[in-house]
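Novice: Build me a model:
(one chain, ligands or ions: 1)
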Amino acid sequence: MYETHYRTHTCGELRLEDRGKTVCLAGWIHRCRDQGGLVFFDLRDRYGLTQVSVSKEEYPEAHAVAAGLKSEYTVQIEGSVLERPESARNAKLATGAIEIAAHRIAVLSLSPTPPIDVAGKEEISEEVRLKHRPLDLRRAENQARLMMRHKMNRTIRAFLEERDFVEIETPILAKATPEGARDYIVPSRIHPGKFYALPQAPQMYKQILMCAGYDRYYQIARCFRDEDLRADRQPEFTQLDMEMSFVGQDDILGPIEELLSRCVKDVAFCGCELPRPWPRISYDDALKQYGSDKPDLRFALEIVDLTDIARDCSFKVFRGAVDGGGAVRGIRVPGGAAFSRREIEAFQPVAAVHGAKGLAWMKLGPDGASGPVAKFFSGDELPRAMQAEVGDALLFVADASTEVVALSLGAVRLAVAKTCGLIDENAFAACFVVDFPMFLPDGDGGWTPAHHAFTMPVKEDLAHLESDPGRVRAQAYDPVLNGVELGSGSIRIHRPEVQQAVFRAMGLSEEIAQDRFGFFLELLQYGAPPHGGIALGLDRLAMLLCGAQNIRDVIAFPKTASAVDLMADSPSAVNQEQLDELRISVDLPEASPGAGRVI
Ligand code: ASP
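Specialist: Predicted structure coming up:
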């Protein structure tokens, strides 16, 4: 055996047709079984598992080595391929019809008992898994997910290649862009006191590329946002970033629908297809009908507006909401008449999270309606409006704020679907949410862009840009898959005077706009083409395609919810010399190391 020639085959390769061959394999010890005269072990690499047997009688030397093998040792074996007797075959393994009778074993690396049982099935806490990530990544489920992710990227690249897209890289050491989150900043040693910003997205660069004539750009781009983390967020993440010239909204949404449908068909673990065409739902309708700007369409269950019916009713709570300019809406709980009062009231806290002060309800039994609200509605106008049947329960939220009503019922809708088992976990359903508002109130009496400052307003609304920003709609769109916002995009502003008007509507002074975006505003003067684009969150897409619950499961080296890499122990302190070079001094309060203030 020559070390330069470690293997003739991988551990997932050998089949019945290979019987009789002398082969050489290398990999990790997955599981060992010592049966005295015979030692069996499964050898593992990323291609699969192969069973190896070593006979004491025939190969005493190899047997002595095999008897000392432990899980996760790395070995090289040489032996011949045997057909397994019918009764000993393993139909679950691609190599399950053969085994290797080893005559030589070389131990390449040892391993103490690892903190993670790579071959085991038991649950391991995420903290342990992330701390020992290399061992965790050896486990089959993680290998399958990362392979899937590779296949997803390959599918995306092939799709875009077919359509003549050009892959162009943009800087990581960049300037702050207005994506709305906090920047990660990097000090410059050469220019003390000055900082780069890591890109929150390559937004300005891709628009510059359009101005430079590189129609149909894409990049699988790393992006960085220093935000408070949530379950489906990471401080660094990956986007499929795209931009096209001379396009309208349909020219972008068409290919995106096709691309995502292809990803589901070719890559998703469930092997299902994505129904097409995807519905396009306006932002206002999405909030009204589904209580969310990222509606989960794997189930129908629409929210029904009952404001007109409630206008003249005798139930004070409903009337009060209507009189206060708000709304009364309701949702059906299929089969909910069989629920106990306690089971129905369990939806109340779900609604309360979004500000609902209560959740009114009624049940529809064979003898008529019952429950707290029933007495106010003796006719069947509510059940009829909600297309409800005997056996259902009805839940209602009334509030002077339509937003509270929408979001509360949106959360209740998801909870009802879960409780009633309406979600097929193996199904996919997508839509585009369109016609977003251009601005949202910033909480201080001003306006902030709902998407970002480079989004083109709807043409008819341009006249109101500065006089009434709240009524301006944006040419922006979000693809949504299974209730997860997969990304967002927009047609961009390509005229400098419109861009300046948007900055003014945002309350940016001329100076600040010049300071931050001067070079970009100047560029727009030199024949900028109409253009638009989109960015898709690939971590989220990968998570959905493999049915994972968390984006950390589809990222090789993720950070925890508090932005820590437990494996490499980062972020970490740097030495004084490095700080001196950067002319940075760190002022750490004694009591709370880590809560440092960089000045
Ligand atoms: N740059 C935007 C974002 O990351 C997406 C886009 O407008 O293309 O949200």
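Novice: give the contact list for the nearest residue to residue 233 once chain neighbours are set aside.
Specialist: Closest residue in space to residue 233, ignoring its immediate chain neighbours: residue 227 at 6.4 Å, by Cβ to Cβ, 6 or more residues apart in numbering. (Glycine included, C-beta is placed from N, CA and C.) Neighbour list for residue 227: 181-182, 233, 235 [criterion: Cβ atoms under 8 Å, 6 or more residues apart in numbering].
Novice: Name the member of these with the most neighbours.
Specialist: In terms of neighbours by other Cβ atoms under 10 Å, these top out with residue 235 at 19 neighbours.
Novice: Cross-check the contact I'm expecting between that residue and residue 560.
Specialist: No - between residue 235 and residue 560 there is no contact under Cβ atoms under 8 Å: 10.3 Å.
Novice: so what sits against both of the two?
Specialist: By Cβ under 8 Å, 6+ apart, no residue touches both residue 235 and residue 560.
Novice: For the residue in the stretch 451-599 of the chain positioned nearest to the ligand, pull up the helix or strand it's in.
Specialist: Using Cβ to the nearest ligand atom, the closest approach of the stretch 451-599 of the chain to the ligand is made by residue 535 at 3.6 Å. If you go by DSSP states H and E, residue 535 is part of strand 531-537.
Novice: Could you do residue 71 as well?
Specialist: Judged by DSSP H and E, residue 71 forms part of no helix or strand.
Novice: which stretches of the stretch 1-150 of the chain aren't confidently modelled?
Specialist: Applying pLDDT under 70 to the stretch 1-150 of the chain picks out residues 1-4.
Novice: What pLDDT is listed against whichever residue of the stretch 151-300 of the chain sits closest to the ligand?
Specialist: The nearest approach of the stretch 151-300 of the chain to the ligand comes at residue 201, 3.3 Å away (Cβ to the nearest ligand atom). Looking at residue 201, its pLDDT stands at 94.
Novice: how deep is the residue lying closest to residue 188 once chain neighbours are set aside tucked in, by neighbour count?
Specialist: Spatial nearest neighbour of residue 188, excluding adjacent residues (Cβ to Cβ, 6+ apart): residue 194 at 4.8 Å. Around residue 194 there are 10 other residues, counting by other Cβ under 10 Å.
Novice: same deal with residue 88?
Specialist: Residue 88, neighbours per other Cβ under 10 Å, totals 11.
Novice: How about residue 490?
Specialist: 25.
Novice: Go through stretch 227-237 and flag the buried ones.
Specialist: Neighbour-count burial for stretch 227-237, with 16 or more other Cβ atoms under 10 Å as criterion, is recorded at 232-237.
Novice: List the ones among those residues that fall in strands.
Specialist: 236-237 (DSSP state E).
Novice: Relative to residue 414, which of the buried residues of stretch 227-237 is nearest.
Specialist: residue 232 (14.7 Å; Cβ to Cβ).
Novice: The longest helix along the chain vs strand 531-537, what angle?
Specialist: Looking across the chain with DSSP state H, the single longest helix is helix 140-162. Counting by axes from the mean of the first three to the mean of the last three Cα atoms, to 10 degrees, helix 140-162 lies at 170 degrees to strand 531-537.
Novice: From the contact count, pick out the helices and strands touching the next helix or strand after helix 140-162.
Specialist: As assigned by DSSP H and E, the chain's next helix or strand after helix 140-162 is strand 166-167. Applying 3 or more Cβ pairs under 8 Å, 6 or more residues apart in numbering; DSSP states H and E, we find strand 166-167 packed against strand 217-224.
Novice: what's the spacing between the strand it packs on and its chain's center?
Specialist: Centroid separation for strand 217-224 versus its chain: 15 Å, with Cα atoms, centre = their mean, to the nearest Å.
Novice: That strand pairs with which strands, and in what direction?
Specialist: Using DSSP bridges, strand 217-224 pairs in its sheet with strand 166-167 (parallel), strand 236-245 (antiparallel).
Novice: Could you list the buried residues of stretch 492-509?
Specialist: Under 16+ other Cβ under 10 Å, the buried positions of stretch 492-509 are 492-494, 496, 498-503, 505-506, 508.
Novice: So what touches the longest helix of the chain?
Specialist: So helix 140-162 is contacted by 46, 136-137, 167, 218, 220, 240, 242, 258-259, 262-263, 266-267, 269, 538, 541-542, 545-546, 548, 553-554, 556 (Cβ under 8 Å, 6+ apart).
Novice: for that helix, which positions count as buried?
Specialist: 142, 145-146, 148-149, 152-153, 155-156, 159-160.
Novice: now stretch 6-23
Specialist: 7, 9-14, 18, 23.
Novice: before we move on, what about stretch 349-369?
Specialist: 350-351, 354, 356, 359-365, 369.
Novice: wait, is residue 39 part of a helix?
Specialist: No - if the criterion is DSSP: H, G, I helix; E, B strand; the rest coil, then residue 39 is strand and not within a helix.
Novice: on that earlier part again, could you export the buried residues of stretch 6-23 as CSV, including distance to residue 336?
Specialist: CSV is the format used below for the buried residues of stretch 6-23 (distance: Cβ to Cβ, whole Å):
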residue, distance to residue 336
7, 60
9, 59
10, 54
11, 53
12, 50
13, 55
14, 56
18, 59
23, 62
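Novice: Show me which of these is closest to the ligand.
Specialist: residue 12 (38.5 Å).
Novice: Kindly state the beta-bridge partners for the residue in the stretch 301-450 of the chain that the ligand sits nearest to.
Specialist: Proximity of the stretch 301-450 of the chain to the ligand (Cβ to the nearest ligand atom) peaks at residue 449, 10.6 Å away. With DSSP bridges as the criterion, residue 449 is bridged to residue 439.
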